[in-house]
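In: just the structure for this:
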Amino acid sequence: MRKTTTFLSSLVALGTAGLIGPAATIQAQETPPPAGTLQTPTVHVVVRGETLWDLATRYLGDPYLWPQIYRMNTLVVEDPHWIFPGEELRLEPLAEVEGDPGLIEVEPEVIDQEEVRRGEPEVEAPPPVAPRPPPTETAPTVFLRNRDAGRGLATRRTSDVYRYRSLRPGDFYAAGFLTEDEQLPWADVLGNVGTPTLGNLTASSSARIFNEIEVHAPASAVYQVGDSLLVASLTREVRDWGWVVMPTGLAMVTSVAGSNVRAEVVTQFGRISDGQFALPVEHYNDPGNIVPVPVENGMIGEVIAARDITPIPNHRDVVFINLGASDGVSLGDIYEVLRPIGDEETPVTAEMEQVSLLQIVHVREHSASGLLVNILDLGTGPGAEVRLVRKMPS
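Out: Predicted structure coming up:
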């Protein structure tokens, strides 16, 4: 906004044309505060709707710097795509000095020798800061193996390393499950309605979110407009446990003509194509924000198989365990995966150590699907022992 003096404004009003040109160049502008005068807070409390992208834009001036905020808050933020209201995120790294991070480096004061020679009193240098004594016990890390603690350490790691996150509908529907040799009423997915399916029998028809797919319902099924369907692939068969069901999306029925059904894709977990199958979705009993409570000597089972065939299970992968609703398993329960302590040089003992944590996201009668929410070490494979460490209140 520009300001002119009252005197110049009067001249303009009188029409003094000879003074208008030069007078207009005499202006006063409001200058913005110099850069660096605004203090950036060291901690930000997340509110609904915020993302790391937004916080990087606000505090760092560049949304592409969001990884800096994520790296400073890995104990709070498990997945950088999701931050939640109430979480406290650090915006500045902790001050560290080579050696002991708890010490503050003191720069020695420079004494002007010329002033000393002129008789000025010599400035006494500050006494040196004594280093802290070394810690008597090394702080635990995610890869630390305390071979003397056994199962007790596994329980302590559960609360020290992993921060519980409430279950979400997407976790439930995307998890997948084992059919347990049950004959489910699968419908055949014929493909995207907008793609001709009879013109080229070798072509594959894919559908994306908000596309319509055509489904051929089994004779025993009755679909209505508005019904929700789970679209999935049957990837492989596990001995004694049936087929592995890999969900690819959710679709809502838009029209029904006998066994010919059309449905709109409303959620997508993977590639939806012809040759897949559809099934009415299960009811999801939302546990809300209830937090499971620690238990002692919890129920023990074992890992059946991983949903995905990968050399090493990764964070957020799904594994199946041989405990289900008949054993009292509930959505949101936390299980630890254990292995015997020992290696090629040390004989295997009866003590166990924790290698990962599973959050139960889908439950069937005799099996359950667990989401890998924390990985401490290798060992989450078929036959690995699992033990209940936190139980959802009934």
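
In: switch to C-alpha atoms for all contacts and neighbour counts from now on
Out: Noted.

In: in its sheet, which strands sit next to the one helix or strand residue 353 maps to, and in what direction?
Out: Per DSSP states H and E: residue 353 is located in strand 352-363. Sheet pairing for strand 352-363, assigned by DSSP bridges, gives strand 334-340 (antiparallel), strand 368-375 (antiparallel).

In: pLDDT below threshold where in the stretch 201-350 of the chain?
Out: By pLDDT under 70, the weakly predicted segments of the stretch 201-350 of the chain are 201-204, 342-350.

In: now do the strands in it.
Out: Assigned by DSSP state E, counting those that start in this stretch, the strands in the stretch 201-350 of the chain fall at 206-207, 212-216, 228-238, 242-257, 260-268, 272-273, 277-280, 293-294, 300-306, 318-321, 334-340.

In: parallel or antiparallel, list what pairs with the fourth one.
Out: Spelled out, that is strand 242-257. If you go by DSSP bridges, strand 242-257 pairs up with strand 177-178 (antiparallel), strand 228-238 (antiparallel), strand 260-268 (antiparallel).

In: out of those strands, which comes closest to residue 206?
Out: strand 260-268 (11.3 Å; CA to CA).

In: can you list contacts of the closest one?
Out: Contacts of strand 260-268 with the rest of the structure, by CA atoms under 8 Å, 6 or more residues apart in numbering, involve 193, 207-217, 223, 248-256.

In: for stretch 236-243, same thing?
Out: With CA under 8 Å, 6+ apart, stretch 236-243 has contacts from 178-182, 234-235, 244.

In: same check on stretch 292-300?
Out: Applying CA under 8 Å, 6+ apart, the contact partners of stretch 292-300 are 332-334, 385-393.

In: quote the end-to-end distance of that stretch.
Out: 17 Å (CA to CA, to the nearest Å).

In: in that stretch, which residues are buried?
Out: By neighbour count on 16 or more other CA atoms under 10 Å, the buried set for stretch 292-300 is 292, 294.

In: and the contacts of stretch 292-300, which of them are in strands?
Out: The members of the contacts of stretch 292-300 that map onto strands under DSSP state E are 334, 385-391.

In: pull the most distant pair out of those residues.
Out: It's 385 and 391 that sit farthest apart of those, by CA to CA, at 17.4 Å.

In: list the beta-bridge partners for the residue lying closest to residue 354 once chain neighbours are set aside.
Out: Nearest non-adjacent residue to residue 354, counting by CA to CA, 6 or more residues apart in numbering: residue 338, 4.5 Å away. Using DSSP bridges, the bridge partners assigned to residue 338 are residue 354, residue 385.

In: so who does residue 338 touch?
Out: Shown in contact with residue 338 (CA under 8 Å, 6+ apart): 352-356, 379, 384-387.

In: any idea which element residue 68 lies in?
Out: Using DSSP H and E, residue 68 falls within helix 66-71.

In: repeat that for residue 171.
Out: Element membership of residue 171, judged by DSSP H and E, is helix 169-174.

In: contact partners of that helix?
Out: In contact with helix 169-174 (CA under 8 Å, 6+ apart) are residues 230, 246-249, 269, 284, 286, 361-362.

In: same thing with stretch 216-223?
Out: The contact list for stretch 216-223 (CA under 8 Å, 6+ apart) reads 185-190, 253, 256, 259-261.

In: and stretch 304-318, end to end?
Out: 11 Å.

In: whoops, I mixed them up, stretch 74-89
Out: Chord length of stretch 74-89, first to last residue, is 10 Å (CA to CA).

In: I'd like to know how far the nearest residue to residue 315 once chain neighbours are set aside sits from residue 296.
Out: Once flanking residues are discounted, residue 315 sits nearest to residue 372: 5.4 Å by CA to CA, 6+ apart. As judged by CA to CA, residue 372 and residue 296 stand 21 Å apart.

In: just the buried residues of the contacts of stretch 292-300.
Out: Of the contacts of stretch 292-300, these count as buried by 16+ other CA under 10 Å: 332-334, 385-392.

In: and the residues you listed as CSV, adding distance to residue 64?
Out: What follows is the buried ones among the contacts of stretch 292-300, written out as CSV (distance: CA to CA, whole Å):
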residue, distance to residue 64
332, 34
333, 36
334, 35
385, 42
386, 40
387, 41
388, 41
389, 39
390, 38
391, 40
392, 39
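
In: list just the nearest of these to residue 45.
Out: Of all the buried ones among the contacts of stretch 292-300, residue 45 sits closest to residue 332, with 25.7 Å by CA to CA.

In: contact partners for the closest one?
Out: By CA under 8 Å, 6+ apart, the contact list for residue 332 reads 166-167, 287, 292, 359-361, 391-392.

In: max pairwise distance over the buried ones among the contacts of stretch 292-300: which two?
Out: It's 385 and 392 that sit farthest apart of the buried ones among the contacts of stretch 292-300, by CA to CA, at 20.4 Å.

In: perfect, I'm done here.
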